[in-house]
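Trainee: Provide a 3D model corresponding to the input given below.
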Amino acid sequence: MAKSIEKNQIKKYSPSLNKIVKNDLLYEINNFFEWVFLEKGLSLNTIKSYSNDLKIFFQFLSEFIGKEISKKDLEKITVTDLRSFLAKRKTDGSVNASIARSISTIKSLFKFLNKNKIINNTCVLQLRSPKRKNNFPKPLSENEAKSFENEINTNNQNDYWVVKRDIALFFILYGCGLRIDEALQLNQNILPINNSIKVIGKGKKERLIPVLPIVSEQIESYIYDCPHKKSPESPIFYGKYGKRLNAGVVQRKFRQVRKKLDLPKSATPHSLRHSFATHLMVKGGDLRTIQELLGHSSLSTTQLYAEADNDYLYKVHSSKHPRA
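Mentor: Numbers count the residues shown, from 1 in each chain. Model (predicted):
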């Protein structure tokens with residue numbers, strides 16, 4: 001049922017294209033969105049990003065060609081046309097990371113259309129993504145992570161159970177390296193936690209995460225005081241009014257804490273995942289194990305932590321060494 005409801009939500013991402021592309025292409029774009037959602041297991045947030053990327057792309061093509069874009073127009077596109085689009089993005093001030101994501105989205109659409117024999121044009125595969133500038137994970141130091149925990153714990157503005165919820169969430173993000181969406185989708189059917197939890201990550205891939213006793217204790221302590229429904233299918237992390245906790249609420253809480261502690265803007269819920277991986281690396285964890293714990297499909301993604309690790313070690317050395 002939940003899947004069919006989410007599937008219906010996909011349609012809201014295509015109307016922004018209906019004055020730029022013709023109906024024949026719009027139909028195929030909807031099919032593409034359904035395919036990446038149902039077959040590849042990507043999230044609605046990813047589809048929203050795809051929709052934004054395609055809107056920018058087709059807006060450019062529509063102005064470039066001088067009409068609404070059809071399937072036949074896509075077959076006539078050349079590498080030169082595509083490079084003109086990338087040059088326009090660069091001129092408009094888009095950063096390399098944004099341009100690289102656009103290229104990835106366009107390639108995915110063209111691959112889908114070619115594979116299903118809707119068009120016959122593979123020129124987009126010749127495009128190369130621009131290099132990203134030092135796109136290293138930005139972890140908190142161990143002291144900053146401890147300060148973060150203490151600040152949440154001393155917050156007297158919330159109900160007692162909300163403070164305990166925030167602490168439990170902090171521990172599961174930092175202690176298990178979960179993405180915020182993965183943590184918020186957990187239900188009480190995993191309780192009591194016995195050493196590990198099964199998490200469904202990107203692409204609907206499952207992974208088993210070891211859980212430290214202190215993490216289990218914080219979650220169980222919070223659940224005990226939580227005033228909302230306790231049943232196997234109920235969420236672990238509740239919002240104040242009894243619904244599943246929203247990621248926006250967590251992000252807002254993190255902004256408040258980092259402002260009080262004067263931490264950089266990179267101190268987000270996701271930075272605790274980076275901190276989990278980097279601190280494991282510092283303590284001698286190997287890349288393959290960390291790759292499995294984070295749920296990365298490619299080791300090259302995890303290798304960014306090795307480079308971030310060197311930078312982190314340098315900062316620790318510079319701040320702690322008596323001759324620094």
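Trainee: Next, name the residue at the spatial heart of this protein.
Mentor: Centroid-nearest residue in the chain, with CA atoms, centre = their mean: Arg179, separated by 7.0 Å.
Trainee: For it, which non-adjacent residue is spatially closest?
Mentor: Closest residue to Arg179 apart from its sequence neighbours, by CB to CB, 6 or more residues apart in numbering: Arg273 at 6.2 Å. (Glycine included, C-beta is placed from N, CA and C.)
Trainee: so the one you found is in which element?
Mentor: If you go by DSSP states H and E, Arg273 is part of helix 269-282.
Trainee: residues contacting the residue nearest to the centre of the chain?
Mentor: Counting by CB atoms under 8 Å, 6 or more residues apart in numbering, Arg179 touches 201-202, 270, 273.
Trainee: Likewise for Gln126?
Mentor: The neighbours of Gln126, taking CB under 8 Å, 6+ apart as the test, are Val79.
Trainee: Double-check Pro210 against Asn195; I have them as touching.
Mentor: Yes. Counting by CB atoms under 8 Å, Pro210 does reach Asn195; the two are 6.5 Å apart.
Trainee: re earlier: now the helix holding Arg273: buried residues?
Mentor: Neighbour counts over helix 269-282 (16 or more other CB atoms under 10 Å) mark 269-281 as buried.
Trainee: just curious, which of those is nearest to Cys226?
Mentor: Pro269 (19.8 Å; CB to CB).
Trainee: List the residues that contact the closest residue to the closest one other than its chain neighbours.
Mentor: Leaving aside its chain neighbours, Pro269 sits nearest to Ile180 (4.4 Å; criterion: CB to CB, 6+ apart). Taking CB under 8 Å, 6+ apart, we find Ile180 in contact with 173, 247, 250-251, 269-270.
Trainee: Kindly report the same for Pro235.
Mentor: Listed by CB under 8 Å, 6+ apart, the contact set of Pro235 reads 184-188, 244-245.
Trainee: again, 6 Å this time
Mentor: By CB atoms under 6 Å, 6 or more residues apart in numbering, the contact set of Pro235 is 187, 244.
Trainee: Kindly report the same for Leu109.
Mentor: So Leu109 contacts Phe32 (CB under 6 Å, 6+ apart).
Trainee: that's a strand at it, yeah?
Mentor: No. Leu109 sits outside any strand when classified using DSSP: H, G, I helix; E, B strand; the rest coil, being helix.
Trainee: From the buried residues of helix 269-282, which one has the minimum pLDDT?
Mentor: Least confident of the buried residues of helix 269-282 in the model: Met281, at 74.
Trainee: Please tell me how far it sits from Ile197.
Mentor: 22 Å (CB to CB, to the nearest Å).
Trainee: do Arg273 as well
Mentor: 15 Å.
Trainee: next one: Ser129
Mentor: Relative to Ile197, Ser129 is positioned 35 Å away (CB to CB).
Trainee: Show me which of the two is the more surrounded one.
Mentor: Higher neighbour count among Ser129 and Ile197: Ile197, with 21 against 15, using other CB atoms under 10 Å.
Trainee: Check which residues of the helix or strand hosting that one are buried.
Mentor: Secondary structure assignment for Ile197, by DSSP H and E: strand 196-200. Within strand 196-200, the residues that count as buried by 16+ other CB under 10 Å are 197, 199.
Trainee: what does it contact?
Mentor: Contact partners of strand 196-200, identified using CB under 6 Å, 6+ apart, comprise 182, 190, 206-211.
Trainee: who's in contact with the host helix or strand of Glu34?
Mentor: In this structure, Glu34 sits in helix 23-38 according to DSSP H and E. With CB under 6 Å, 6+ apart as the test, helix 23-38 has contacts from 10, 14, 17-18, 42, 47, 70-71, 109, 112, 118.
Trainee: Check the residues you listed and tell me the two furthest apart.
Mentor: Greatest spatial distance among the contacts of helix 23-38 (CB to CB): Leu42 and Ser70, at 26.1 Å.
Trainee: Tell me which of the two has more neighbours.
Mentor: The neighbour count for Leu42 versus Ser70, taken as other CB under 10 Å, is higher for Leu42 (19 against 16).
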